[in-house]
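> mind looking at a prediction? Sequence and model below.
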Amino acid sequence: MKRGLLNIFFAVGLPACLLKTGTAMAGDAPTNSIQGSHELTLEQLVNIQVTSVSKKETDLNQSPAAISVITQEDIQRSGATSIPEALRLVPGLDVAQINSSEWAISARGFNSEFADKLLVLVDGRSVYDPAFGGVEWEMQDLVLEDLDRIEVIRGPGATLWGANAVNGVINITTKNARDTQGLLVSTSFGTVEKPATSIRYGGEFATNVFYRVYLQYANNDGFTDSSGNDTPDSKNILHGGARMDWEPDASDRLTLQGDYFQADLAGPALNPSLTPPYAANFYGENFKNGENVLGRWTHDFSASSQLTLQGYYDHEVSRDTETLDAEDIWDLDLQHRFALGDRQDIVWGAGFRYEMDQTHPSFALSFFPQDENNHIASAFVQDDLTVISDRLHLIFGSKFEQDADTGFEVQPSGRLLWTPAENQTFWGAVSRAVRTPSRTDTDVVFNQSVIPPSPPPGSPVPVLVSLRGDPTFHSEEIIAYELGYRWEPNPKLSFDLATFYNVYHDLSIYTAGTPYTVFAPVTYEVVPENASNGGAGNSYGAELSAQWRVTDDWKLMGSYSYLHLRLTPSDAYAGDSPQHQFQLHSYLNLTRTIELNASLYFVSALPDQQVPAYARFDLGVVWRPNKAWEFGVWGQNLFDDQHLEFGSYRTPVLTEIPRSFYGKVTWRF
């Protein structure tokens, strides 16, 4: 099976490469109207500047963490139509589509629709949901052409980023308005993706004052379930916003940006009832809308000293058949970096965050109390100590947080970076991180299902299975041990290996409580399942990736990841993540204006989700006849007409991901 998949993959890429190299003039270099990392050498790619590991610019090759960067080239060549699709490229990241509008994304285990151990930021604004935990990926609907990069840290990042950065951090960064001047219109249409259009215009208000405005609409059809029935889980999202960047002088930079969205999401759900038929699958709609505004000022005192002040406000309202939830977040952060002598580079900061959450109860889902306010004060410090110049660094620090709900948390880490040669890097880390409770841990009453009455020895009345939060629930904890090695044997080939061993304490589990009987409005029995910090466990694994610049016009990238997770008690819920993942990508310039791109993915089975192993193959051709126009045609999931990737906690109905085709036209002026 695997050999057959590889044969298909290379049958597509290799003959085309030979055709190209046979007709190219010596010394020819590929050209492209899109300025991206495909114009860089492999040496420049592995030394690309990243900021997520140390909150300062460092070379990717010399970052003491398991970090991957999705560049604008990767997004363009992968055929991704959304941020979750682009995240499939990251080694060791578990990306699974639940249905047409919902995703499950996590790093190093514990995957679920609301994977709560992964912190996600967009331009420095956290999109982690403090009420439910995790990220609503369907809402992260940005103009992909305006993304600068996506940096993904696998492993704890709590020392700099704070609570909930337990198994990873995803930092999504959009381009400066200076780099998005002019008009861009992009539209796509396919078998699943109905007309999706992005319009963006960038201009200049005055000298060094740049802006852009955008409007984006996406409309996806529903999929089918494993029985072949239509599941109207469609999505319609309208997203708009603006950004302004001002550089009054060489030392100061000011950014002001904001977004607005409204969404209509449909999907299957199980509706429990105390009267016949007691449970029925139905297709409800979830209406969401929200807005945010962010301001950031950066001042450079010198090449080694910088101050950043950032604040934002975020508001979101969600209305569905289960509940109505309104969230408001105010966040203020200050960060300062400076050199102390010749051998120490220190970054420190402080922040304050205020959260308001208002809910309205329903039979299926309610919170007690209905409304809750919370505030978090934080500070962090990290010192990068040069032990041996250009060879050995010791990086240590900690985050300190005072949460009004959970109390005081300390999240330290120590990292060692050793570069015995310019083309080799060893790194190791020991970290502590916590996942703070969401309202679903402390305040929720989720009536999951109703068991119909049955004759003895069953219950003569309906039995309501109800998940209950615990007001005394406290933070989950991880102690993580990591080792990594990067090697660039020559300018055309590089390898990256990351290994880890994680120890978890105080994990969330549900235990059966004492049943009791309710006599109104009808007589029924309640079987409570109570949340507690009774779980523990460990995990270990490895992630290996490689890049090979075969020729100036052909690049191959591949990765393999392994994960083993063991929990106590054995029935503790940890989401579901594949033990094995493999992927291979081919980026090929057939001519100066035509690209052929292919991706092969293999994901092992998810037994708890009843999802068998599957392979996915994507193939796309992109033609750029000039700097203004771009035409692309893509086929996705070409091996199967449809396959399962993940289940939903809302319903036992499993939605399958179909084979799809789409075309895309982009015009830049």
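Yep, it's here.

> where does pLDDT dip in the protein?
Per-residue confidence for the chain (pLDDT under 70) gives these ranges: 1-47, 282-284, 321-322, 571-575.

> farthest residue from the center of it?
Within the chain, residue 456 marks the point farthest from the mean C-alpha position, 49.0 Å out by CA atoms, centre = their mean.

> show me the strands paired with the host helix or strand of residue 259, marking each as parallel or antiparallel.
Element membership for residue 259, per DSSP states H and E: strand 252-272. In the sheet, strand 252-272 lines up against strand 235-249 (antiparallel), strand 279-302 (antiparallel) (DSSP bridges).

> what about the residue nearest to residue 650 when sequence neighbours are not counted, neighbour count?
Nearest non-adjacent residue to residue 650, counting by CB to CB, 6 or more residues apart in numbering: residue 269, 4.3 Å away. For glycine as for every other residue, the C-beta is placed from the backbone atoms N, C-alpha and C. Counted with other CB atoms under 10 Å, the neighbours of residue 269 add up to 20.

> what do you get for residue 354?
Per other CB under 10 Å, the neighbour tally for residue 354 reads 15.

> now the one 4 residues further on
For residue 358, the number of neighbouring residues by other CB under 10 Å comes to 16.

> let me see the contact set for it.
Residues in contact with residue 358 (CB atoms under 8 Å, 6 or more residues apart in numbering) are 325, 326, 327, 370, 371.

> which of those tops the neighbour count?
residue 325 (21 neighbours).

> after the longest strand belonging to the chain, next one along is what?
Longest strand of the chain, by residue count under DSSP state E: strand 524-551. Downstream of strand 524-551, the next assigned helix or strand under DSSP H and E is strand 554-568.

> ranges for the helices of the chain?
2-23, 42-46, 72-78, 83-87, 158-161, 439-442 (DSSP state H).

> ok so, going back, would you format the contacts of residue 358 as a markdown table with distance to residue 138 included?
Formatted as a markdown table, the contacts of residue 358 follow (distance: CB to CB, whole Å):
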| residue | distance to residue 138 |
| --- | --- |
| 325 | 15 |
| 326 | 18 |
| 327 | 16 |
| 370 | 25 |
| 371 | 25 |
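
> now, the residues you listed that are in strands?
Short answer: the contacts of residue 358 in strands (DSSP E) are 325, 326, 327, 371.

> from those residues, which is closest to residue 466?
Nearest to residue 466 among the ones in strands among the contacts of residue 358, counting by CB to CB, is residue 325 at 19.2 Å.

> which residues does residue 327 bridge with?
Counting by DSSP bridges, residue 327 forms beta bridges with residue 316, residue 357.

> ok, it touching residue 356?
Yes: counting by CB atoms under 8 Å, residue 327 touches residue 356, with 7.0 Å between them.

> just to revisit the earlier point, ok, which of the strands paired with strand 252-272 comes nearest residue 339?
Here strand 279-302 is closest among the strands paired with strand 252-272 (CB to CB), at 8.2 Å.

> quick one: distance of the closest one to the chain centre.
14 Å (CA atoms, centre = their mean, to the nearest Å).

> do stretch 557-569 as well
How far stretch 557-569 lies from its chain's middle: 18 Å, per CA atoms, centre = their mean.

> residue 493 versus the closest residue in space to residue 656 that isn't next to it in sequence, what's the distance?
Nearest residue to residue 656, sequence neighbours excluded (CB to CB, 6+ apart): residue 642, at 4.0 Å. Per CB to CB, to the nearest Å, residue 642 is found 37 Å from residue 493.

> please, where are all the strands along the stretch 551-669 of the chain?
For the stretch 551-669 of the chain, strands defined by DSSP state E, counting those that start in this stretch occupy the ranges 554-568, 580-589, 594-603, 614-623, 629-636, 642-644, 655-658, 660-668.
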